[in-house]
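# Here's a sequence, model it:
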Amino acid sequence: MTDFGTMRVDGGGATVRFERWYPASPDQTWAALTDSERMGRWLGAEVTIDARTGGAVLLRWGSGDEMHGVITACEAGRLLQYTWHEAALGVESVVRFELLPERSGTLLVLEHSRVPPDQAAGFGAGWHGHLDALAAELAGRAIDPHERFRELGPEYASRMGVGEGGRG
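Residues are numbered from 1 along each chain as shown. Now for the predicted structure:
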């Protein structure tokens, strides 16, 4: 397993996928994915989330950009999926987190689907930085996901052979 995400393109756009293992239980990882304050720390945004099917998700970045979503699947400790509408990027996509118990920790599988292919590298670099910040959050530390995005952007553009646009 590598920390780097992968991308595949199909008729519905691109899907960026990550598999990350964390030395925290699925319940601990779930709490970091669904608590507004904790989520805000690893996303580097102001977060409002109503963690139930049909609940709203709102992310506000310091730049003034916003992401609005609706939770379409929610199984505590196992699955969180929501729509992702970010008007500034013209993106209407879907984010899915699956949590699997593994080796006294959690395997987190993240898929962000229906991403415009020319923005996949940016979403790859952004999610990579956010997942690094999630690891820090679970360990009681903090890192800046936006700095990781800036560092990783060129690598993802090279790996995915597409533009660097996207959220970081």
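# Now residue 30: which helix or strand?
For residue 30, the host element (DSSP states H and E) is helix 26-34.
# Equivalent analysis for residue 47, please.
In this structure, residue 47 sits in strand 46-49 according to DSSP H and E.
# Now residue 82: closest residue in space that isn't a chain neighbour?
Leaving aside its sequence neighbours, residue 82 sits nearest to residue 69 (CB to CB, 6 or more residues apart in numbering; 4.1 Å). To be clear about C-beta, it is placed using only N, CA and C from the backbone, and glycine gets the same treatment.
# wait, what's in contact with that neighbour?
Residues near residue 69 by CB atoms under 8 Å, 6 or more residues apart in numbering: 56-58, 82-85, 95.
# Please name the bridge partners of residue 97.
Beta bridges link residue 97 to residue 80, residue 110, judged by DSSP bridges.
# Might you report the residue contacts of it?
By CB under 8 Å, 6+ apart, the contact set of residue 97 is 33, 79-81, 108-110.
# Give the buried residues for the longest helix anywhere in the chain.
What stands out as the longest helix in the chain, according to DSSP state H, is helix 120-138. By neighbour count on 16 or more other CB atoms under 10 Å, the buried set for helix 120-138 is 120-138.
# what mean pLDDT does stretch 131-143 have?
Stretch 131-143 shows a mean pLDDT of 96.
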